[in-house]
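fold the following and give me the result.
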Amino acid sequence: MIQFIADGLGCFNLPNMPRRWELQLPGGPQMMRVMWATVFFVMHSTLALAIIVRVLLRPRMEPSARLVWIMVIEAVPLVGIIAYLLFGEVRMNRAEVQRMADVRDRLTGMWTNSPAELKEVPDHARPLIAANASVGGMPALTGNRLRLLAEGDRAIDEIVSAIDRATDHVHLLFYIWLPDISGTKVVEAIIRAEGRGVQCRIIVDALGSRGMVRSPLWDRMQQAGAECVTAFPWGLPFISILFQRLDLRNHRKIIVIDNQIAFTGSRNCADAAFAVKARYGPWVDILVSVQGPAVRQLQAVFLGDWMSYTGRDLGDMLQLVPAVDAPGVVTQVVSTGPDLRAGSVSDCLTGMLHAARDSVVVTTPYFVPDAALDAAIRAAARRGVQVTMILPARNDSLIVGATAQGFYRGLLEAGVQLMLFEPGLLHAKIMTIDGRMAMIGSANLDRRSFELNYEVNMAIFDSGVVAELDARQDSYIARSHPITLSQVQDWSVLRRLRNNLMALAAPLL
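Numbering: from 1, shown residues only. Prediction:
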């Protein structure tokens with residue numbers, strides 16, 4: 001209750017006006033609720049404005065991503081702000097970023113005048129090689145021999161056999177290493193190698209390989225003498241999140257043995273049945289063995305991670321690897337990660353697509369492209385290039401699968417042929433261009449691989465190897481069914497609404 005006293009001679013000069021009157025206002029708890037609601041509104045509006053300004057000023061962000069984040073911040077009070085603070089920026093510990101940069105400088109300085117560096121670059125490959133070098137920092141090399149490994153679990157048997165022949169060192173890096181039959185075979189091979197004096201160094205992603213790290217197999221390898229390291233352990237999440245995003249992951253797959261042979265591709269160290277997601281199995285992957293100077297590039301990627309995580313300098317292991325064939329296969333390793341930010345594998349793939357003249361075949365399990373890559377795929381089809389994309393019919397991620405479907409109509413209208421792989425989850429990552437260029441590796445065609453994951457890919461400039469990759473992709477097509485524009489148009493309103501909403505949110509995924 002608030003009292004006002006008037007003397008009758010002031011501003012209120014009305015008949016019968018009492019000299020004392022009272023004005024009733026809401027009081028007690030209701031008044032407090034109004035006050036706190038006002039305070040919250042003002043504070044939230046101020047914070048939202050500050051975050052929106054940050055979104056607008058943040059470097060290296062696509063306009064579409066800025067727009068979507070601003071919409072989320074405005075549309076979902078408080079939750080939108082928290083979501084941006086957690087996932088809107090690629091935050092990394094500054095000390096770790098500096099350590100990684102120092103390691104790269106140490107290793108990159110050893111590439112000067114490599115005898116295997118390609119001297120005469122073919123015209124069709126020149127733009128791609130330049131783009132790859134600008135992103136990954138490594139030149140194209142001659143004198144290599146590549147061999148495509150079998151599709152199923154026999155690929156793991158070849159890795160085990162190579163480890164059993166090792167005489168000096170074995171380096172392994174996997175995103176996922178499961179304690180299943182295949183994973184156990186590799187563990188046993190590591191223990192045997194340590195028993196005969198071979199030094200084994202292992203890096204696994206702390207999240208992807210958590211089952212292995214928690215298993216007795218991990219302890220057995222360490223007890224045998226293997227040096228085992230986890231990439232991006234969570235530690236205390238509520239403290240770590242203040243300095244670095246928790247969803248940064250090392251997604252690479254690399255094996256290097258004695259500086260003589262290496263393996264890379266999309267295959268994790270696990271059974272094709274993939275027990276942790278068995279209902280989507282078998283998982284169908286691509287894996288190649290590499291001999292020649294390209295082994296040194298894969299070794300450089302492994303050593304870069306090892307030295308960054310452990311602080312121990314193994315740069316002297318980056319020795320020259322002689323050519324095994326003349327002229328051999330021309331390859332170029334492209335290593336990417338969020339601390340680099342000079343570009344991503346999307347830039348390399350986009351460059352490949354712009355160079356296409358006759359045919360493009362793309363295999364990927366996860367398709368959430370950035371605007372440039374999506375436009376390049378459709379532009380290639382519109383100018384008469386035969387573009388075929390092979391995707392899994394069932395995706396192990398409902399969100400990613402729905403998001404990919406949101407792009408189907410635009411791709412089909414541009415003339416892209418979409419094939420959906422039926423028997424299991426197609427997990428291979430391949431792009432071939434005109435029968436003479438290809439890219440394989442660990443990176444998916446999604447924003448996580450482009451912006452958040454540490455990835456390793458290999459560009460290949462050899463018609464023979466590309467023909468083998470195309471034959472493998474033809475085998476995928478034989479196990480797939482096409483999806484047509486009329487089928488997509490016949491989807492229910494709710495399905496189209498879901499897919500298009502998810503595609504709209506693609507910049508956030």
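
for I190, give me phi and psi.
The phi and psi torsions at I190 (degrees, to the nearest 10) take the values phi -60, psi -40.

I figured it was touching I163, is that so?
Yes. With contact taken as CB atoms under 8 Å, I190 and I163 are classed as touching, separated by 6.7 Å. The way it works is simple: take the backbone N, C-alpha and C, and place the C-beta from them, glycine included.

okay, the two: which has more neighbours?
Using other CB atoms under 10 Å, the more surrounded residue of I190 and I163 is I190, with 25 against 21.

now that one: how far from F87?
According to CB to CB, to the nearest Å, I190 stands 36 Å off from F87.

have a look at the protein and report the helix or strand with the lowest mean pLDDT.
None of the helices or strands of the chain scores lower by mean pLDDT, DSSP states H and E than strand 2-5, at a mean of 40.

and T310, what does it touch?
With contact taken as CB atoms under 8 Å, 6 or more residues apart in numbering, T310 is in contact with V229.

and the pLDDT at it?
Taken from the predicted model, the pLDDT recorded for T310 is 92.

over to M110?
M110 is assigned a pLDDT of 63 by the prediction.

go on, F12?
The predicted local confidence for F12 comes out at a pLDDT of 42.

need the strands for the stretch 1-150 of the chain, in chain order.
Counting by DSSP state E, counting those that start in this stretch, one finds strands in the stretch 1-150 of the chain at the ranges 2-5, 20-23, 141-148.

name the nearest residue to E413, sequence neighbours excluded.
In space, and not counting its chain neighbours, E413 is closest to L485: 6.4 Å by CB to CB, 6 or more residues apart in numbering.

that neighbour touches L412, doesn't it?
Yes. Checked against CB under 8 Å, the pair L485 and L412 is within contact range at 4.2 Å.

and V229, bridged to which residues?
Counting by DSSP bridges, V229 forms beta bridges with I203.

quick check: it vs E451, distance?
Looking at V229 against E451, where the rule is CB to CB, the gap reads 24 Å.

neighbour-wise, which of the two wins?
Neighbour tally, V229 and E451, criterion other CB under 10 Å: the higher count belongs to E451, 19 against 15.

for burial, what's the neighbour tally of the residue nearest to E413?
The burial metric for L485, expressed as a neighbour count using other CB under 10 Å, is 14.

tell me the contacts of it?
Remark: with contacts taken as CB under 8 Å, 6+ apart, L485 is in contact with R409, L412, E413.

from A189, how far off is it?
49 Å.

which one is L418 nearest to, not counting chain neighbours?
Using CB to CB, 6+ apart, the closest residue to L418 is I483 (5.0 Å).

OK, contacts around that neighbour?
The neighbourhood of I483, defined by CB under 8 Å, 6+ apart, consists of Y408, L412, L418, M419, L420.

and the last one, what are its phi and psi?
It stands for L420. Backbone torsions for L420, taken as degrees, to the nearest 10, come to phi -110, psi 120.

and for the first one?
Torsion angles at Y408 (phi, psi; degrees, to the nearest 10) stand at phi -60, psi -50.

what about it, neighbour count?
Neighbour count of Y408, defined by other CB under 10 Å: 23.

just checking, it touches L420?
No. No contact is recorded between Y408 and L420 when judged using CB under 8 Å, the distance being 9.9 Å.

so which residue is dead centre in the chain?
In the chain, the C-alpha nearest the mean C-alpha coordinate belongs to S449, at 1.7 Å (CA atoms, centre = their mean).

quick check: that residue is in a strand.
No. Remark: S449 does not belong to a strand; assigned using DSSP: H, G, I helix; E, B strand; the rest coil, it is helix.

skipping adjacent residues, who's closest to it in space?
In space, and not counting its chain neighbours, S449 is closest to A443: 4.1 Å by CB to CB, 6+ apart.

the one you found and V39: what is the separation?
Relative to V39, A443 is positioned 47 Å away (CB to CB).

of these two, who's got more company?
For the pair A443 and V39, the greater number of neighbours falls to A443 (28 against 10), based on other CB under 10 Å.

report the contact partners of the more buried one.
Under the criterion of CB under 8 Å, 6+ apart, the neighbours of A443 are H251, T336, V345, K429, S449, F450, N453, E455, N457.

what distance do you get for it to L248?
Using CB to CB, which is the criterion applied here, A443 is 15 Å from L248.

next: R383.
R383 is 37 Å from L248, where distance means CB to CB.

with neighbour numbers in mind, choose between the two.
Comparing R383 with L248 by other CB under 10 Å, the one with more neighbours is L248, at 23 against 12.

isn't the more buried one up against F232?
Yes. Here L248 lies in contact with F232, judged by CB under 8 Å, at a distance of 5.6 Å.

could you chop the protein up by domain?
If the domains of the chain are taken from automatic domain parsing, they occupy 2-87, 94-508, with pieces of a single domain joined by a plus sign.

can you tell me which of those the model trusts least?
Across those, the lowest-scoring stretch is domain 2-87, with a mean of 69.

excluding its backbone neighbours, what's nearest Q489?
The spatially closest residue to Q489, leaving aside those adjacent along the chain, is R409, at 7.5 Å (CB to CB, 6+ apart).

which strand or helix spans the one you found?
helix 398-414 (DSSP states H and E).

who's in contact with that helix?
Contacts of helix 398-414 from elsewhere in the structure, counted by CB under 8 Å, 6+ apart, are 366-369, 374, 377-379, 381-382, 389, 391-392, 394-395, 418, 446, 483-485, 488-489, 495, 498-506, 509.

from the residues you listed, which would you call buried?
Among the contacts of helix 398-414, those classed as buried by 16 or more other CB atoms under 10 Å are 366-369, 374, 377-379, 381, 389, 391-392, 395, 418, 446, 483, 488, 498-500, 502-503, 505-506, 509.

in strands, which of the contacts of A443 appear?
Using DSSP state E, T336, N453, E455, N457 are the members of these that sit in strands.

next up, the contacts around the residue nearest to the centre of the chain.
S449 makes contacts with H251, S344, V345, Y366, S442, A443, E455, as judged by CB under 8 Å, 6+ apart.

now for those residues: which two are most distant?
Among these, the pair separated by the greatest distance (CB to CB) is S344 and Y366, at 14.8 Å.

could you grab the helix/strand/coil label for the closest residue to A467 other than its chain neighbours?
Among residues not flanking A467 along the chain, G435 sits closest, at 6.5 Å (CB to CB, 6+ apart). Secondary structure assignment for G435 (three-state DSSP): coil.

residues near G435, how many?
In terms of burial, G435 registers 14 neighbours under the definition other CB under 10 Å.

just checking, it touches V465?
No. Taking contacts as CB under 8 Å, G435 lies outside contact range of V465: 10.6 Å.

isn't F174 right up against S266?
No. In this structure, F174 sits apart from S266 without contact. The criterion is CB under 8 Å, and the distance is 11.4 Å.

what's the end-to-end length of stretch 264-277?
Separation of the first and last residues of stretch 264-277 by CA to CA, to the nearest Å is 22 Å.

got the buried residues for that stretch?
Of the residues in stretch 264-277, those buried by neighbour count under the rule 16+ other CB under 10 Å are T264, G265, S266, R267, N268, C269, A270, D271, A272, A273, F274.

JSON lines for those residues, including secondary structure and distance to I156?
What follows is the buried residues of stretch 264-277, written out as JSON lines (DSSP: H, G, I helix; E, B strand; the rest coil; distance: CB to CB, whole Å):
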{"residue": "T264", "secondary structure": "strand", "distance to I156": "14"}
{"residue": "G265", "secondary structure": "strand", "distance to I156": "12"}
{"residue": "S266", "secondary structure": "coil", "distance to I156": "14"}
{"residue": "R267", "secondary structure": "coil", "distance to I156": "8"}
{"residue": "N268", "secondary structure": "coil", "distance to I156": "10"}
{"residue": "C269", "secondary structure": "strand", "distance to I156": "7"}
{"residue": "A270", "secondary structure": "coil", "distance to I156": "8"}
{"residue": "D271", "secondary structure": "coil", "distance to I156": "8"}
{"residue": "A272", "secondary structure": "coil", "distance to I156": "9"}
{"residue": "A273", "secondary structure": "coil", "distance to I156": "12"}
{"residue": "F274", "secondary structure": "coil", "distance to I156": "12"}
